[in-house]
Structure formats: C-alpha cells, structure tokens
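*Asks:* Task: produce atomic coordinates for the following.
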Amino acid sequence: PSFHNPRGKTEITINPKSIITSSHIIMNKLRSIILAFTALTATVASAENMFATVLGKTEDETKEKIEKIWSHFFTPGDITKYEADGQRSIYYLTDNDKAYIMDTGNNDVRTEGMSYGMMISVQLDKRNEFDKLWKWSKDHMAYSDDSPWSGYFCWQCAPDGTKIGTSNASDGELYYVTSLFLAGKRWNEPRYIDEANDILRKIMTKDGKTTGVYDLFDRDHNLITFVPDNVGHRFTDPSYQLPAFLDYWAVTAATDREFWKEAANAARNHLIESAHPVTGLHPDYSNYDGSPYRWPHAGYDTSVYMYDAIRCAMNIGMDYYLTGKDKSRQSDVMKRMLAFFKNDGFTHGHFPVDGSKPFGRYSRGMDGSNAVGAIALAKSDDPDERALAAEFIQRLWDTEPPTGKYRYYEGMVYFLSMLHLSGYFTLDL
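*Replies:* Reported below is the predicted structural model:
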C-alpha cells in the first residue's frame, strides 16, 4: 500500500466543469468549498515525525512501519475466524460494498471503532475504505429522521447491522464529524462537509425536556455529554475531551462557531481538572467539575482509571502539538502521569486515580496513548523530562500491534497513536 504523507502537501484544485448550473446547488457547493479552504489557513496543525526527531528513525523506516500496521489491521478478514488466535484484521467486508470494524473482544460493531477507522483511513488517504465504513455506518447505525435520536448513531450493532444499543456513544460523533470534514478537504468532495454539518445541526438542536434526547454538548458547561439521554447528559467522560477537534470545528463548521471555540476551551480545561494532582491519572467518567464519577448503572467502578481513561494522554498530546494552546499545564500533567507509570514498572493498567490498589496489565493501547502524551515533554528544557519522553516513544516504536481475541480496542488506540507520533496525523490536509 501507498500513503499520502501530510508533510508533502499537494494543491487542491476545483474543476469548474463540475459545478452544476442550478443556482442553489452552486451556492451550496461553493459554501462548502469555502468553509473547507478557510480551515486550511485557520488551523495551527502540524505534522512532525517524532520517531525521527526523538529516536533518529528515517522517513522510510517510519513509512514502512505505518504500512505494516495498516496491512495488519485493514487487510480484509474472514469473519468466521475473527476470534482465533493470531488473527490480525479488524476490518470486514460485506457483499454490498460496505465494511465494518469488529470489536473482536465484545463480538459487535461500535461507533467508536467505525469512526476511528474512518479517521485512520482519511489520514492515510484511503478513500475506498473510508467510504465503505461510512456507508455501513449510515445504513445500519444512523437513527432515522423520525426518531428523537435523529442525527446520532447507535453505539452498538451486530455484524449483520441489527441495532443492539438504544442510544449513542458521544465520542463516536466527535470522530465521525471530524473525519468527514477532513475527507471533504482531502478529496475535494463537498458532500462529506455537508454531511458533517447536517449531523451537527441535528444533534445540537434537541429538545431534551420533551423527547428525552439532549444536545451532544451540555450548553451550561460547554462540555460533551457521556450520553445525551435523561441520565447520561448529567456527566461526561474525560477521554471524550478532544479540544483540537473542537477548535477545528470552530473554523470549519457552518454554524455555532463561537460555541465550538468555547467548547474547545472547556474540553482543554477538563483534561487538566480531571487529572489527579499527584498521579496525573484520569477517571473513566467524571462530573462536569472534573471530579471522578461512579455511574451506578455501569458494570464496574467508573471512577477509576480503567478503560476509557487510557485515551486521555493521547488527547492531551494531540492538543499539545496540534494547537499548542495549553502547553505548560499539559506538560505538567504528562510529567506526573508518565513518571507514575514508569515508577509502576509499566506493569499495571487499572488504578483508582490516586494510584493505589493497582490491578490489570499495562497494555499496548497504553503504550500508544502515553507515547502521544510524551510529545508534551519531548522538547523540554529539562534533560530528565526529555529522557522520560524518549523512553515512552521508544516503547511505542518497539511495540508490536496486538493479535487475537482482544486486539480491537488496544489496536485502535495503538494505531491512532502511531499516526500521531509518525507525523501522519494532521488537521491541515
């Protein structure tokens, strides 16, 4: 496979012959194109190969590694063997020009994985895979226009497309919308941008008091809801805080730009406020003030660092290099967090946020996310901090992608992290 390298950009051109003569269609298309070009110059995003900067790896070595990881996860798999030892793929084709990402650990398809797959595909210029995943998402996960959930996507489906879940999972919409905006720019296709804006219009104009389905973001706190239903809209999830994406929406979305700017700031603050002051660890779920939240309906203690929370380091590191708007506080959190994991010997994966009573294993997803967070220390004036960052970045480089039954979640976080560290992730396509 070959990939477009974001460090070597190409000109985007518009063919006048493609503009349809109907006046309202012309205006709609031009409006989408203008929005896309506005984001080209308004985004601070950069793409640096930290494996080269920190470890001295060459561009060819890095490209080869990314190509192997793509082949590992996205070579179409045999669904009858998805649970077998040694299986690599999480990408499965259907017989009608669609594809889905399988949560091999839970035997289902989730908006998390589908939207991650679309983000990975657009970053690596893989339009065929992007379109197949998006078509499956729209055909099977999108709620109908006559549903109170219109605009949202069912968070959990069976591989045959049957809806299992009865709500969304809010991080899915974040990745769906951002990947669609990027796809519109990358492939000069306004349709994707229109679809992203249509999603935002629908999910930010809900009458929750009447229907029980609320806006994706709580407008009193400017923060994303855990789930925008009668219960889930009252708290959030630190790993859903993606300020770099929201800053991007603030210069790309057709509406609510001032709100998205405020939401980006709120998300950025929440990543700091929800981090423990000593360990730097985040809880899986949190109240809007950043304090850990134990949801009584979950099957485990959601106030601990467990599953979702491993992504917080990735979100912090991503925002650090894409926007650079909160470098001092982000460096401080990452210094505490990385030192904590190093002192634990890279052994455990689950903790109360104060670091006591560890259990579970340190995972390859954590290797990935923590290495992205290490970007915040990689160019520190303090040589000890630089050395700490280099250790985490080296660990990721040396880590092989997971195989077998539980390859999905670790693998997706690992792959996204590799894109961030290699310079293959950008908001400036």
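*Asks:* low-confidence ranges in the chain?
*Replies:* For the chain, the stretches with pLDDT under 70 are 1-46.
*Asks:* which parts of stretch 162-173 are buried?
*Replies:* 165, 167-173 (16 or more other C-beta atoms under 10 Å). C-beta here means a position set from N, CA and C on the backbone, and glycine is covered the same way.
*Asks:* now, which of those lie within strands?
*Replies:* Judged by DSSP state E, these include no members of strands.
*Asks:* and which of these is nearest Gly232?
*Replies:* Using C-beta to C-beta, Ser167 comes nearest to Gly232 of the buried residues of stretch 162-173, at 7.2 Å.
*Asks:* Contact partners for that closest one?
*Replies:* Contact partners of Ser167, counting by C-beta atoms under 8 Å, 6 or more residues apart in numbering, are 149, 152, 154-155, 227-229, 232.
*Asks:* Can you lay out the residues you listed as JSON lines showing secondary structure?
*Replies:* Below are those laid out as JSON lines (DSSP: H, G, I helix; E, B strand; the rest coil):
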{"residue": "Trp149", "secondary structure": "coil"}
{"residue": "Tyr152", "secondary structure": "coil"}
{"residue": "Cys154", "secondary structure": "coil"}
{"residue": "Trp155", "secondary structure": "coil"}
{"residue": "Val227", "secondary structure": "coil"}
{"residue": "Pro228", "secondary structure": "coil"}
{"residue": "Asp229", "secondary structure": "coil"}
{"residue": "Gly232", "secondary structure": "helix"}
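*Asks:* which residues of the stretch 151-300 of the chain fall in helices?
*Replies:* Per DSSP state H, counting those that start in this stretch, the stretch 151-300 of the chain carries helices over the ranges 170-186, 190-203, 208-211, 243-252, 257-273.
*Asks:* orientation of the last one relative to helix 170-186 in degrees?
*Replies:* Put simply, helix 257-273 runs at 130 degrees to helix 170-186, going by axes from the mean of the first three to the mean of the last three C-alpha atoms, to 10 degrees.
*Asks:* Now do the buried residues in helix 257-273.
*Replies:* Quick answer for helix 257-273 (16+ other C-beta under 10 Å): 259-273.
*Asks:* Send me it as PDB with only the CA atoms.
*Replies:* The C-alpha trace of helix 257-273 is given here as PDB (Å, rounded to 0.1, in the frame of the first residue of the first chain):
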ATOM      1  CA  ARG A 257     -18.500  28.500  15.600                       C
ATOM      2  CA  GLU A 258     -18.300  30.700  18.700                       C
ATOM      3  CA  PHE A 259     -19.800  27.800  20.800                       C
ATOM      4  CA  TRP A 260     -17.200  25.400  19.400                       C
ATOM      5  CA  LYS A 261     -14.500  27.800  20.400                       C
ATOM      6  CA  GLU A 262     -15.800  27.900  23.900                       C
ATOM      7  CA  ALA A 263     -16.300  24.100  24.000                       C
ATOM      8  CA  ALA A 264     -12.700  23.600  22.900                       C
ATOM      9  CA  ASN A 265     -11.500  25.700  25.900                       C
ATOM     10  CA  ALA A 266     -13.800  23.800  28.200                       C
ATOM     11  CA  ALA A 267     -12.600  20.500  27.000                       C
ATOM     12  CA  ARG A 268      -9.000  21.600  27.400                       C
ATOM     13  CA  ASN A 269      -9.700  22.700  30.900                       C
ATOM     14  CA  HIS A 270     -11.400  19.500  31.700                       C
ATOM     15  CA  LEU A 271      -8.400  17.400  30.700                       C
ATOM     16  CA  ILE A 272      -6.500  19.300  33.400                       C
ATOM     17  CA  GLU A 273      -9.100  19.500  36.000                       C
END
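*Asks:* List of residues touching it?
*Replies:* So helix 257-273 is contacted by 217, 219, 221-224, 236, 238, 241-244, 246-247, 249-251, 253, 282, 286, 288-290, 312, 315-316, 319, 325-326, 329-330, 333 (C-beta under 8 Å, 6+ apart).
*Asks:* Tell me how far the spatially most central residue of the chain lies from Leu242.
*Replies:* Taking C-alpha atoms, centre = their mean, the centroid of the chain lies closest to Tyr175, which sits 5.3 Å from it. The gap separating Tyr175 from Leu242 is 8 Å, by C-beta to C-beta, to the nearest Å.
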